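In: what shape does this take:
(4 chains)
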Number of protein chains: 2
Amino acid sequence: MTSTTTSPAEPLGRRERKKAATRAAISHAATRLFMERGFDNVSIREVADAADVSPTTVFAHFPQKEALVFDEDDEQREHLVRIVRDRAPGVSISQALLDAYRADVLPPEDPDGVRRREFMAFIDATPALGDYAAKMWLRHEDALAGAIASELGLTEPTEQIRTYARFVLQVQLLAGASETPLETLEAAFGLLDGGWQEYSSHLAG
Amino acid sequence: MTSTTTSPAEPLGRRERKKAATRAAISHAATRLFMERGFDNVSIREVADAADVSPTTVFAHFPQKEALVFDEDDEQREHLVRIVRDRAPGVSISQALLDAYRADVLPPEDPDGVRRREFMAFIDATPALGDYAAKMWLRHEDALAGAIASELGLTEPTEQIRTYARFVLQVQLLAGASETPLETLEAAFGLLDGGWQEYSSHLAG
DNA sequence: ATTGATTTTAAAACTGGTACGAATACAGTT
DNA sequence: AACTGTATTCGTACCAGTTTTAAAATCAAT
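Out: Prediction:
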């Protein structure tokens, strides 16, 4: 259910369907148990039992215990790149990122947003999960830097772009941990934009 | 040898002296073995054996395996705070930090610097150590933000200061991982200084 | 020297993760 | 339908880091 193409429901063979089913069973059992008793109080063996599967099979589908919770690495990265690449005309990169982050941080409106918010609270409750999420998030640094570079007409990111990408990803983490996420967002982008706009306009000009 | 007061050699009781000796024996055995065969190829049990101590005793002194390598948390934090607090008059905070980072990155001159460089290379060779070092380093964020705030005449760091502190710590990691650390340093501080100087002068003015 | 608290230690247990080989289910071929 | 190769699953045993448990040693104070 992760990185396979989503909508057209390609006709999978029995094999792939079964594999996907096993994966889903494991994932479901894991999230249920984790929510009931907390991430740290559930062992891989228990997850395997609950999914009626051998422990080794769990690791065949998920490289680490933490991966049972985060099942969407590629989507995240794609989302991030799209924010930069597909922004409305006339909108700066910083502006696009700030807007996107803002939407993440504002009070949720649809039930989907509520669920996502609960999920994030669950993650915050377990240090190991927070660390893992942060690590995964920051792994997108290269992708983001590449997207920005190509938006600015470069084939390779410069040191400044790389730095900016890292900072921008950090801002998301900062805001997520902040009591006043909106203020944090604005403070951070305010700090960044001075140097960044100067640099990028210098590049374009 | 870590956070106890250093010079005057307070008269420790027998108990404390023995404890310190055990700790030192473990630490020595560990560094020797790690250097000889690599961090990942030495088990805690082996370290314990080499120090003629039970494995649990190792954990009584060091919370994790990685802690055997980093024995100086507080000193690091103090160093960082001093860079900001004890900078020469007329030198900006950014300038002081940049200078300090630069010294870390330049070719070492004294034998002490050489040893430190070898140590850093050793850390880079083991992902687990790099992660741990980064985590420890970033834990200084609050201390750094506090020091900056108090330099600017505030009792509490603002959102901007907190953000700046996080960015500045990240710069150190960026430069450490870069092929061209000096360029990275200058690019990063160039990016930061625009917004930061505006903000801090706005604060002072 | 005895007592009692505290520290230190050892041994075992637990947990995440890997290695290995065997068994099973599938897809494509004949 | 049988055959073959391949992918998935399984069970077990195992390793290394870490926690738990309880015994032993150590110290301070009487």
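In: list the buried residues of the worst-scoring helix or strand of chain A on mean pLDDT.
Out: Counting by mean pLDDT, DSSP states H and E, chain A has its least confident helix or strand at helix A:111-124, which shows a mean of 83. Residues of helix A:111-124 classed as buried: A:122-123 (neighbour count, 16 or more other CB atoms under 10 Å in any protein chain shown). Where C-beta positions appear, they are placed from N, C-alpha and C, glycine not excepted.
In: what do you get for stretch A:75-82?
Out: Buried-residue list, stretch A:75-82, by 16+ other CB under 10 Å: A:76-77, A:80-81.
In: what ranges does chain A have for its helices?
Out: A:14-37, A:44-50, A:55-61, A:73-85, A:93-105, A:111-124, A:127-138, A:141-151, A:159-177, A:181-204 (DSSP state H).
In: what is the rounded mean pLDDT of the last one?
Out: In other words, helix A:181-204. Here helix A:181-204 scores 91 as its mean pLDDT.
In: got it, and stretch A:42-62?
Out: 93.
In: could you do stretch A:132-140 as well?
Out: 85.
In: mind splitting chain A into its structural domains?
Out: Domains of chain A are assigned by automatic domain parsing as A:14-64, A:73-204.
In: what residues does chain A put near chain B?
Out: A:131, A:135, A:158-160, A:162-164, A:166-167, A:170-171, A:174, A:178, A:180, A:183-184, A:187-188, A:190-196, A:198-199 (CB under 8 Å from any CB of the partner chain).
In: let's see that with 7 Å instead.
Out: A:159-160, A:163-164, A:166-167, A:170, A:174, A:183-184, A:187-188, A:190-196, A:198-199 (CB under 7 Å from any CB of the partner chain).
In: report the buried members of the residues you listed.
Out: Using 16+ other CB under 10 Å, the buried members of these are A:159-160, A:163-164, A:166-167, A:170, A:174, A:184, A:187-188, A:190-196, A:199.
In: the most centrally placed residue in chain A: what's it in contact with?
Out: Residue closest to the average C-alpha location in chain A (CA atoms, centre = their mean): A:Gln76, at 4.1 Å. Shown in contact with A:Gln76 (CB atoms under 7 Å, 6 or more residues apart in numbering or on different chains): A:His140.
In: check A:Leu68 too.
Out: Here A:Leu68 is in contact with A:27, A:30, A:47, A:62 (criterion: CB under 7 Å, 6+ apart).
In: quick check: the gap between it and chain B.
Out: 20 Å (CB to the nearest CB, to the nearest Å).
In: tell me how far that residue lies from B:Leu174.
Out: 31 Å (CB to CB, to the nearest Å).
In: before we move on, what about A:Ile26?
Out: For A:Ile26, the distance to B:Leu174 equals 37 Å [CB to CB].
In: same check, this time on A:Asp73
Out: The gap separating A:Asp73 from B:Leu174 is 23 Å, by CB to CB.
In: just name the most buried of the helices of chain A.
Out: helix A:159-177 (a mean of 22; mean count of other CB atoms under 10 Å in any protein chain shown).
In: ok, now which ones touch A:Ile26?
Out: A:Ile26 neighbours (CB under 7 Å, 6+ apart): A:47, A:51, A:53, A:58, A:61.
In: and the pLDDT for it?
Out: Predicted confidence (pLDDT) for A:Ile26: 94.
In: how many neighbours does the closest residue to it other than its chain neighbours have?
Out: Leaving aside its sequence neighbours, A:Ile26 sits nearest to A:Ala51 (CB to CB, 6 or more residues apart in numbering or on different chains; 4.5 Å). Neighbourhood size, A:Ala51 [other CB atoms under 10 Å in any protein chain shown]: 22.
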